[in-house]
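# the sequence and its predicted three-dimensional model are supplied below.
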Amino acid sequence: MSLTHFDKAGQAHMVDVSDKADTDRIAVAECHIRMQPETLALIEAGDAKKGDVLGVARLAGIMGAKKTADLIPLCHPLPITKVTVELTPDAALPGVRIAATVKTTGKTGVEMEALTAANIAALTVYDMCKAVDRGMEIGGLHVALKDGGKSGRYEVEK
């Protein structure tokens, strides 16, 4: 096993994927944001001062997926074919559970795009609600599913 983003001299480099075949690829990343029950109630009622928290966070997550190569230095820019970001209020947390799904047909996977989408959505929820709850906590960011390419399918068991 070796880290692919370093050459034989130990210098960081972008991985050469030019010889890889184009395949259908998908990745799902998940995270959550914990908050006070009162903050969650504001979000669910649509009474947050800055507007539709979940709708804005969904759009921010989609935009984040599209900008991933601009944020992660060695990440390949990819022709993303689909991004979905689901934000689900969860009173048991209390907070919001976030799942981002990204698809492409290409030479490399979209895990970084899915992780970025989920994280940016969570950060947007924080930004929109920080006036009433500075103690919110973002956590649990992980790849829940990755499929396509030479390495095949990876899925977290639930």
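The structure has been received and is ready for your questions.

# which parts of the top helix by length along the chain are buried?
In the chain, taking DSSP state H as the definition, the longest helix is helix 111-129. Within helix 111-129, the residues that count as buried by 16 or more other C-beta atoms under 10 Å are 111-126, 128-129. For the C-beta atoms, the positions are set from N, CA and C on the backbone; glycine is no exception.

# helix or strand right after it?
Next in sequence after helix 111-129, counting helices and strands by DSSP states H and E, comes strand 137-147.

# got the contact list for the next helix or strand after that next one?
Counting by DSSP H and E, the next helix or strand C-terminal to strand 137-147 is strand 154-155. By C-beta atoms under 8 Å, 6 or more residues apart in numbering, the residues outside strand 154-155 that reach it are 143-147.

# of these - the most surrounded one?
Neighbour tally across those (other C-beta atoms under 10 Å): the maximum, 21 neighbours, falls on residue 146.

# helices along this protein, start to end?
Using DSSP H, the helices found in the chain span residues 37-45, 53-66, 68-71, 111-129.

# so the second one versus helix 111-129, what angle?
For helix 53-66 against helix 111-129, the angle between stretch directions is 150 degrees (axes from the mean of the first three to the mean of the last three C-alpha atoms, to 10 degrees).

# OK, contacts around residue 111?
Going by C-beta under 8 Å, 6+ apart, residue 111 touches 27, 29, 143, 146.

# out of those residues, who's nearest residue 105?
residue 27 (13.2 Å; C-beta to C-beta).

# pretty sure the closest one contacts residue 113?
Yes. Between residue 27 and residue 113 there is a contact at 7.0 Å, judged by C-beta atoms under 8 Å.
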